[in-house]
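[1] 3D, please:
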Amino acid sequence: MFFSGIQKANNLHSTSQTSQKSETGLVRQLGLFDSTMVLVGIVIGSGIFLTTGIMAKSIPSATLILLAWVVGGLLTLAGALTYAEIGAAMPDAGGQYVYLREAYGSLSGFLFGWMVFLVYMTGGIAALAVAFAEYFGYFFPSLSTTNYILSTGIRVFHHTFHYSLSMGQLVAIAAIIGLSVFNFIGVVFGKMIQNALTVIKIGTILGFVVLGFVLGKGTPVNFSLNPEGLSLSRLVIGFGVALVAVSWAFDGWNNLNFVAGEIKNPRRNLPKALILGTLGVTVLYVFTNYIYLYALPVDKMAGVVRIAEKTSTILFGEKTAAFISAVVIVSTFGSLNGSILTAPRVYYAMAKDNLFPQRAAEVHPRFKTPGFAILIQAAWACVLTLSGTFEQLLTFVMFIAIVFWIAATASVFTLRKKYPDIHRPYKTWGYPVVPILFIVASSGILINTLIEKPVESLAGIILTLIGIPVYYFWKRKTSQG
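    Sure, this is the predicted structure:
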């Protein structure tokens, strides 16, 4: 089945890319367990604790809600199976940047990296840090995002822009800087933090599920397909909207490929980590949502944002609200650390191609990490955190992010044709059906996003197109230098 192609890698001769030290100077220090924890830790952030109540507004059906999570997991697995082939064949730092560059040329790779640094990963880091600070403020109100230390109006060309700074934003910045420092001084420190937080996260979610079944004071789930008698078109549209929310909760699975240059025996471990990680997250998500539905009927959960807190209170009593807040703190902190760990490898790969400041291509002689890339990422993420505009920017970029997912998945066809002789220790299970399913489903989500948020989608396109003159300017600058 899935692992049939991977096992062949055990008998392959060693290459420079699978040795203890990669060609790039980065050291391969992430084993299979580490890699799987990176994926799981990034994916499970705050989405699973917030999404289901929002989904219930679109599809007021327990069966369809669970089906949406299953479908979302299967689509993520389809993407992971495809990325597993490309990643095993090209186990280099940068992941998706490398695949786009090799398949379509350096401009497409640059535009991906441009959006990753400008908004996608740095904005995501800012959002995760602020989410961490928001829940952290539950225990320390003086450090919450609602405790403002500055609020003023800035007048520019007869327009007044309001700006506010909260203690929570400062906590968020401290979290970004602290984790960036740990990842700067070594992958070992980064992976230790990631492993510990992810194990705690998984254990806590499993405990919530098991105790919900055993001790929870819930009611049998109504599995009627359409309890409110909605029209078929309404159900289909609602299901599509719900899948967008589910996709957000699964976002980040592809970030593991960014650190392929530091995974031990990547031709074997990268595909396994992608598959095990996505399957594990899917199982956790489905069972967690079943407990939500067991605790709270669909009609009562519609619109409930903090669904985890609400259902835990019903199942176990009022005192569990603090426990859930602590779980979300650990979860967002782990996702934040994973993002800080993986994303700099994209800038590092771009700098190796002279498409980013050259210092980002330097590996620290002692710590063996792309130190400058980590620092410049932290600096920009802190700026976005202080600006308070990262949520709007992330909305703009999600449309383009889906475009790049589709392009990277489609590259499996291009690369097979372009490099037929490259060694592929793992080949996509179900090829070509699995990649096509992912592309078709993602295209449906893309169209839905365009229809639902046309202004934001257009803004994302404009942000990406701005990268084209930047690319040619950079190419001209490096050629003249």
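[2] from what I can see Leu39 touches Thr278, true?
    Yes. Applying C-beta atoms under 8 Å as the test, Leu39 and Thr278 come out as touching, 7.3 Å apart. Yep, even glycine has a C-beta here, placed from its N, CA and C like the rest.
[3] common neighbours of these two, please.
    Common contacts of Leu39 and Thr278 (C-beta atoms under 8 Å, 6 or more residues apart in numbering): Trp253.
[4] any idea how far the residue positioned nearest the centre of the chain lies from Thr313?
    Geometric centre of the chain, nearest residue: Gly252, 1.8 Å, by C-alpha atoms, centre = their mean. In this view, Gly252 and Thr313 are 28 Å apart by C-beta to C-beta, to the nearest Å.
[5] now swap in Gly31 and tell me
    Per C-beta to C-beta, Gly31 is found 39 Å from Thr313.
[6] can you count the residues close to Lys417?
    Counted with other C-beta atoms under 10 Å, the neighbours of Lys417 add up to 8.
[7] now the strand or helix carrying Ala127: mean pLDDT?
    In the assignment (DSSP states H and E), Ala127 maps to helix 121-139. Helix 121-139 carries an average pLDDT of 90.
[8] elements contacting that helix?
    In terms of contacts (3 or more C-beta pairs under 8 Å, 6 or more residues apart in numbering; DSSP states H and E), helix 121-139 is packed against helix 167-184, helix 320-342, helix 371-387, helix 390-418.
[9] what angle separates that helix from helix 167-184?
    For helix 121-139 against helix 167-184, the angle by axes from the mean of the first three to the mean of the last three C-alpha atoms, to 10 degrees is 120 degrees.
[10] how about helix 121-139: buried residues?
    Neighbour-count burial for helix 121-139, counted by 16 or more other C-beta atoms under 10 Å, picks out 121-138.
[11] next secondary structure after it?
    Later in the chain than helix 121-139, the nearest helix or strand by DSSP H and E is strand 148-156.
[12] OK, contacts around Ala88?
    Here Ala88 is in contact with Ile6, Ala9, Pro266, Arg267, Arg268, Leu270, Pro271, Arg424, Pro425, Tyr426 (C-beta under 8 Å, 6+ apart).
[13] make sure Met350 is indeed in a strand.
    No. When classified by DSSP: H, G, I helix; E, B strand; the rest coil, Met350 is found to be helix rather than part of a strand.
[14] pretty sure it contacts Gly94?
    Yes. Contact status for Met350 versus Gly94: in contact at 7.3 Å, counting by C-beta under 8 Å.
[15] any common contacting residues for the two?
    Contacts common to Met350 and Gly94, judged by C-beta under 8 Å, 6+ apart, are Gly113.
[16] the residue lying closest to Leu463 once chain neighbours are set aside and Lys453: what is the separation?
    Closest residue to Leu463 apart from its sequence neighbours, by C-beta to C-beta, 6 or more residues apart in numbering: Phe396 at 6.0 Å. Distance from Phe396 to Lys453, counting by C-beta to C-beta: 9 Å.
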